[in-house]
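[1] need coordinates for the following:
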Amino acid sequence: MATTIHINLKHQSYLREPEATELGRKIISESIKLIDELGFEAFTFKKLATEIGSTEASVYRYFENKHKLLVYLVSWYWAWLHYTVIFHTQNIEGPRERLARAIEVITKAGEADDPAVVYIDERVLHRVVVAESSKVHHTKEVDAENKAGYFLELKHFCHYLALVVLEINPAYPYPHALMTTTLEAAHQQLFFAQHLPSLTEVKGERYSETIGFLKQMVFAAVDQHLNDR
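    As a prediction, the model looks like this:
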């Protein structure tokens, strides 16, 4: 990858862009570690301020509350994963091969830290997303936040993948539904394997099993409709 990348999020989840300052980057870096360690419910700005050697007030200058901080972290993750998938598939001409490779990249996102972003450990962020990302959408404010553009990164990534599906089968009627299901399943199967193992055949962090399941699910759906034409 390139030496550095800059994921620029422009929506109302933050009051001041955290990537623009050293303190902001520290807030992001340490909040990821602390949420991973404590869980989102036990995480507070007071604990974060202690961790970064600053004040609660300084954290509130960047984020109005911890929900909006989580929105930022999850949005950053989707934007970074979108970039990563494009990087790893840009030289693959066939859409079927491109989609298969994208599924691999998505599923193995928690396997290694990306050196292109020095202040975020993507392995830890991936664990946070697996455990906590559903809390970003499952709120009473979801419609208002959607209108404010909080979830554009996920939407853009899903649309990008849906277009690849349509390259394989232009008549497939559910490309976005299939890709959102795939993105969610990549996290849910890992979560179930770790915490509710009777709900899945995937074992622990065997990414190959999740990749196999997702490829079978995606291509069985796309190919079935292709064969029905």
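
[2] for the longest helix seen in the chain, packing partners?
    Assignment by DSSP state H gives helix 66-89 as the longest helix of the chain. With contacts taken as 3 or more CB pairs under 8 Å, 6 or more residues apart in numbering; DSSP states H and E, helix 66-89 sits against helix 22-38, helix 95-107, helix 122-132, helix 134-137, helix 152-168. Where C-beta positions appear, they are placed from N, C-alpha and C, glycine not excepted.

[3] now these as a markdown table including mean pLDDT, mean neighbour count and distance to W78?
    Putting the helices and strands packed on helix 66-89 into a markdown table (pLDDT from 0 to 100; neighbours: other CB atoms under 10 Å; distance: least, CB to CB, whole Å) gives the following:
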| stretch | mean pLDDT | mean neighbour count | distance to W78 |
| --- | --- | --- | --- |
| helix 22-38 | 97 | 19 | 15 |
| helix 95-107 | 97 | 20 | 10 |
| helix 122-132 | 95 | 20 | 9 |
| helix 134-137 | 92 | 16 | 10 |
| helix 152-168 | 97 | 18 | 4 |
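
[4] circling back to that earlier point, per-residue confidence averaged over the longest helix of the chain?
    The predicted model assigns helix 66-89 a mean pLDDT of 95.

[5] L81 and F157 touch, don't they?
    Yes. At 6.6 Å, L81 counts as touching F157 under the criterion of CB atoms under 8 Å.

[6] still on that earlier bit, need the helices and strands packed on helix 66-89 in TSV (columns: distance to Q216).
    TSV is the format used below for the helices and strands packed on helix 66-89 (distance: least, CB to CB, whole Å):
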stretch	distance to Q216
helix 22-38	31
helix 95-107	10
helix 122-132	21
helix 134-137	24
helix 152-168	15
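
[7] so for P197, which of those sits nearest?
    helix 122-132 (14.9 Å; CB to CB).

[8] correct me, but V130 touches F191?
    Yes. If you go by CB under 8 Å, V130 and F191 touch, sitting 5.3 Å apart.

[9] what touches both of these two?
    When contacts are counted by CB atoms under 8 Å, 6 or more residues apart in numbering, V130 and F191 have no shared neighbour.

[10] how close does Y62 get to V85?
    Distance, Y62 to V85, by CB to CB, to the nearest Å: 28 Å.

[11] that older thread, out of the helices and strands packed on helix 66-89, which is closest to T181?
    helix 152-168 (10.1 Å).

[12] now do the buried residues in whichever helix or strand comes after the closest one.
    Reading on from helix 152-168 to the C-terminus, the next helix or strand found by DSSP states H and E is helix 175-195. For helix 175-195, a neighbour-count test (16 or more other CB atoms under 10 Å) marks 175, 178-183, 185-190, 192-194 as buried.

[13] next: stretch 105-118.
    105-110, 114, 116-117.

[14] hmm, who's touching that stretch?
    Contacts to stretch 105-118, defined as CB under 8 Å, 6+ apart, come from residues 1-5, 7, 80-81, 84-85, 88-89, 120-123, 126-127, 130, 182-183, 186, 190, 205, 207, 210-211, 214.
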